[in-house]
Structure formats: structure tokens, C-alpha cells
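Engineer: I would like to see how this sequence folds:
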Amino acid sequence: MQIHVTLYGGARVVTGQSKVNLSFDASHVTLAQVVEKLIAMYPRARPYLLSETGALNASIRVLVNNERLDPAVALTSALHAEDHIALLVAVAGG
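Structural biologist: Below you'll find the model as predicted:
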């Protein structure tokens, strides 16, 4: 199965990629598995995606097929073949 990931902010800068297609042998995976694979491919992206405790960074917003995930359960969310993930950096200001 394939998962399509669009990266924004620091993760895009350190990976040098705006879009990454990831392949998995399973019929479904979790967002945590997607993030782990991204970090394995691009180790410098880790501090932009995960906190030191391994939780999703508070500044990251996750969209799956254009729907925002609840940050409290985002990493355990099940994903399916051809899902489109966007990892956005929250911006504050006015």
C-alpha cells in the first residue's frame, strides 16, 4: 500500500522534499508508523515532527484526506491505502 505525505515548514526544509510517497506491506498502518518511516528516511526531520518524549510535536497539525486529526489520538490513527497526509506547522501571529 502507498501513503502520500506532504511536508511543510522545517520538515520540508530538512528533507528537501515537499511530497513523499511511502510504501508499506500492510493493509493499514498508523500515523506513528508513517512518521517512523519518514524519520528513518530523513533523520533530521525528527525534531520537527516528534517531541523528545516521542509524542507528536505540539506545533504539528495533521490532515488525513483534508480532514484534521485530533492531536491527542493522531499517532494511533489508522491509515489506509492511498491516503493523503499533510503535516502542517501551526503558525501564530496577527
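Engineer: show me how far the longest helix seen in the chain is from its chain's centre.
Structural biologist: Using DSSP state H, we find that the single longest helix of the chain is helix 31-41. Computed by C-alpha atoms, centre = their mean, to the nearest Å, the separation of helix 31-41 from the middle of its chain amounts to 7 Å.
Engineer: mind listing what's buried in the helix-or-strand element of the chain with minimal mean pLDDT?
Structural biologist: Taking mean pLDDT, DSSP states H and E as the measure, the helix or strand of the chain with the lowest value is helix 9-15, at a mean of 90. Applying a neighbour-count criterion of 16 or more other C-beta atoms under 10 Å, one finds Gly10, Ala11, Arg12, Val14, Thr15 buried in helix 9-15. The way it works is simple: take the backbone N, C-alpha and C, and place the C-beta from them, glycine included.
Engineer: could you dump that helix to CSV, C-alpha only?
Structural biologist: As requested, C-alpha coordinates have been extracted for helix 9-15 and formatted as CSV (Å, rounded to 0.1, in the frame of the first residue of the first chain):
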residue,chain,number,x,y,z
GLY,A,9,7.8,24.1,7.3
GLY,A,10,11.0,22.8,8.9
ALA,A,11,10.3,19.2,7.9
ARG,A,12,10.2,20.2,4.2
VAL,A,13,13.4,22.2,4.5
VAL,A,14,15.4,19.4,6.2
THR,A,15,14.2,16.7,4.0
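Engineer: returning to that earlier point: pick the one among the buried residues of helix 9-15 closest to His28.
Structural biologist: His28 has its nearest neighbour among the buried residues of helix 9-15 in Ala11, at 23.3 Å by C-beta to C-beta.
Engineer: what's the distance between the closest one and Asp25?
Structural biologist: Relative to Asp25, Ala11 is positioned 24 Å away (C-beta to C-beta, to the nearest Å).
Engineer: next, count neighbours for the residue nearest to Ala78 when sequence neighbours are not counted.
Structural biologist: Take Ala78 and drop its neighbours on the chain: the residue closest to it by C-beta to C-beta, 6 or more residues apart in numbering is His28, 5.2 Å away. Using other C-beta atoms under 10 Å, the number of residues around His28 comes to 13.
Engineer: for His28, give me its contacts.
Structural biologist: Neighbour list for His28: Met1, Ala78, Leu79, His80, Ala81 [criterion: C-beta atoms under 8 Å, 6 or more residues apart in numbering].
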